[in-house]
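Visitor: turn this into a model:
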Amino acid sequence: MDSQLPILSFAAGAVALTATAAVAPRVKARIALSRAKHRSLTGHSKMSKLVARLVPHYEFDINDFFASDGAPAEVAAKRQDGFFRMAELYKQRFARSREMTAEAAGQISDLQFTAAYRVPFQYSRLVREHLSAGTFMQASSGVTLKDLDGNLFYDLAGSYGVNIFGYDFYKDCIESGEKRAHALGPVLGFYHPVVAENVRRLREISGLDEVSFHMSGTEAVMQAVRLARYHTRRTHLVRFAGAYHGWWGDVQPGVGNPVSPHETYTLADMSERTLHVLRTRRDIACVLVNPLQALHPNSNAPSDGSMVDSSRKAGVDRTAYSEWLRKLRDVCTERNMVLIFDEVFVGLRLAPGGAQEYFCVRADMVTYGKSLAGGLPIGVVCGKRELMRRFRDDRPADICFARGTFNSHPYVMTAMDEFLSRLANENFRAVYNGLDEIWNGRARQLNEQLAAQNLPVRVASLSSIWTVTYTEPSRYNWMLQYYLRAEGLALSWVGTGRFIFSLNYTEADFAEVMQRFVAAAAKMEQDGWWWHDATLTNKRIRRQILREMISSGFGR
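Guide: Numbering: from 1, shown residues only. As a prediction, this is how the structure comes out:
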C-alpha cells in the first residue's frame, strides 16, 4: 500500500501542474485586461455603479449654501445678494417660459431629470426654486433663438449637435423635402425614389460599400455592433472610458444602466496596454470610437451637474489622436476586428467626409445621425459589403435581423436629399475652408480676453465644439451657466460642459457672444463666487465633500 503513495503523489502533482498550465493564460489575460482599464471610475463601470449607490443625498440650507467652501461671512453675503438679484431677474425676464416649464415638468419625466441635474445635487433644490431655466422656445432665426417672453438668445446649445449649418438651412431642407415627399406621404415599408440618390452620396462620403437606415443614432450603433458580432462570430465589444454611444445597454455599462452587460470591455483611450489587449484576445468583435473623445480622452461628457470642483480638463492634440486611431486601425486589421466610428454626434461637422477625413483614418463601419436628415431624426450605418450582409447563402436560417417601422420614412429621406445635395455643391462646401483655424482662433481670442481680465475661465475647442474649463479651485463654477443665460446665451442642460456652434456664425455674431461671455464671467467674479484663499485646492474640496457624505450617511 505504501508503495502506491509516490505514484499517487506524482499523479496529483501532474494534475496540479496541468490545471495551473490551463489556468495561467486566463489569469494572465485577465490581468492584462485589468491593466488596460483607465484608473478613474469611467474605466470601471461596476465600481462606478457601486459608488453611485453609496452616495447619500444631502443638501445645503440657506445658511450653508453660500459658504460651503469655507468662505468668510462677507463673501457669503455677497454671493447671497448676487444669487437673489439673479433670481429676481429670471423671475421678471423669463416669466412665461418658466411658467410653462414648471407646468409641463409634472408630466414630462425628461424635464424632471434635467432640472434635477443641472448643478451638483447639494445645491439643486434652491437653484430649482429660484433659478429654474425655461425650456420652451418659440422661434429660431440665424444663430438666435426666441423664448416665450420674446427674449433673443445666441444659440450655444446646437440642438445636441444637429445644428451644423444654421437653423434657416435646416428649415429650408425640411420645407423643400416636405413638398417632394407629399405625393407619396407617410407610406412606410416601400422606398421613396430619392433613397437611391441618398445611398449614392452616403457611399461617397463614407468611402464604404453599403448603407442601412434606422430611426436614431442609438439604433444605428446597435445594428453596427450586431452585424460585427454576426460576421466575426465573436461576442465582445470594446468601448473607451468616457465615450458615449447612445443609451443602449451594451455601450452604457456604468451609471444609468440598471443591468450590467457581460460582453463589453471598457478600456483606456490612447493606451499601449489597450492595444496589447486588442492584439491578444480572441473574443473581441468590434472596437467603437466616438471621435468627440479627442477633446477629453477617458472622461465622461462634461456636465455642470457633476462639476464639484475645477478639475475639468479638455484639449485636443489632433496629431496624437490621429496616430492613436491609426494604431487602432492597424490592430483591428491584424486581428480581424471591426473598427466602428460612431459619428452620430460629430457628423459632418469637422470635415465634408466627417471624422474619417478629419483624422485621416478609415473605419470598417461608420454610424451617422442627427444632422444628416436635414434636421429630422435619423440613424445611418455605412459599412463594407461583407459586414453589412444580414444572412448567409449556405445557412438560410442563420440571419442577423434588424428592421424598424419608420426606417427610410419618405419625409426624412427627402429632407436628407436636400441636405446632401447642398453639401455636394462646391460653393457650399467652401464653408469648411479654414474651419479649424477659424474656430480655434475664436477660442484663443476669447481666452485672451478672459486672461486679460484675470477671470478664472477658459475654453477648449474641437473646431466648433467647445468645453469650458476653470483655472482656480471652486465649488461654484456651475453658477456661470446662469450668468450666461442672463446675458442672452442659450445653453443646453449640461451648462458650460458643451457649447456647439453652428458654422454660420459670422465674426460679428461671435464678437457679440464673446462680449456677453466675458460680461457674465465678470459679474460672477464681482458677486464673489470665485473667492478662494491659499488653502483651497481641488483636493481639499473633494475631501470636504467626502466628509459631508460620511457625516450625512451616519445621520449627523
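
Visitor: what stretches of the protein score poorly on pLDDT?
Guide: Along the chain, the model assigns pLDDT under 70 to residues 1-23, 555-556.

Visitor: so the closest residue to residue 453 other than its chain neighbours is in which element?
Guide: Taking C-beta to C-beta, 6 or more residues apart in numbering as the measure, residue 453 lies nearest to residue 522, with 6.2 Å between them; neighbours along the chain are not counted. C-beta here means a position set from N, CA and C on the backbone, and glycine is covered the same way. Applying DSSP states H and E as the criterion places residue 522 in helix 507-526.

Visitor: mind checking how far that helix is from the chain centre?
Guide: 25 Å (C-alpha atoms, centre = their mean, to the nearest Å).

Visitor: remind me what it packs against, helices and strands.
Guide: On a contact count with 3 or more C-beta pairs under 8 Å, 6 or more residues apart in numbering; DSSP states H and E, helix 507-526 meets helix 73-93, strand 152-155, helix 435-452, helix 480-486, strand 489-490.

Visitor: check these for me and report the most buried one.
Guide: Taking mean count of other C-beta atoms under 10 Å as the contact definition, the stretch among the helices and strands packed on helix 507-526 with the greatest mean neighbour count is helix 480-486, which reaches a mean of 24.

Visitor: give me the number of residues near residue 509?
Guide: Using other C-beta atoms under 10 Å as the criterion, residue 509 is surrounded by 16 other residues.

Visitor: right, I mislabeled it, should have said residue 514
Guide: 15.

Visitor: quick check, residue 281 in contact with residue 26.
Guide: No. Counting by C-beta atoms under 8 Å, residue 281 does not reach residue 26; the two are 11.1 Å apart.

Visitor: which one of these two is surrounded by more residues?
Guide: In this comparison of residue 281 against residue 26, neighbours counted by other C-beta under 10 Å, the higher total goes to residue 281 at 18 against 9.

Visitor: and that one, how close does it get to residue 275?
Guide: Counting by C-beta to C-beta, to the nearest Å, the gap from residue 281 to residue 275 is 11 Å.

Visitor: and what of residue 166?
Guide: Residue 166 sits at a distance of 40 Å from residue 275 (criterion: C-beta to C-beta).

Visitor: which phi and psi values does residue 395 adopt?
Guide: Reported as degrees, to the nearest 10, the phi and psi values for residue 395 are phi -140, psi 80.

Visitor: before we move on, back to that, I'd like to know which of the helices and strands packed on helix 507-526 is closest to residue 190.
Guide: strand 152-155 (37.1 Å; C-beta to C-beta).

Visitor: who are the packing partners of the closest one?
Guide: In terms of contacts (3+ C-beta pairs under 8 Å, 6+ apart), strand 152-155 is packed against strand 144-147, strand 489-490, helix 507-526.

Visitor: next, the angle from the last one to helix 73-93.
Guide: Same thing as helix 507-526. In this structure, helix 507-526 runs at an angle of 140 degrees to helix 73-93, with axes from the mean of the first three to the mean of the last three C-alpha atoms, to 10 degrees as the basis.

Visitor: quick one: buried residues of the following helix or strand past helix 507-526?
Guide: Per DSSP H and E, the first helix or strand lying C-terminal to helix 507-526 is helix 538-553. Judged by neighbour count (16 or more other C-beta atoms under 10 Å), helix 538-553 contains these buried residues: 538, 541, 544, 545, 548, 549.

Visitor: run the chain-centre distance for helix 538-553.
Guide: Relative to the centre of its chain, helix 538-553 is centred 28 Å away, using C-alpha atoms, centre = their mean.
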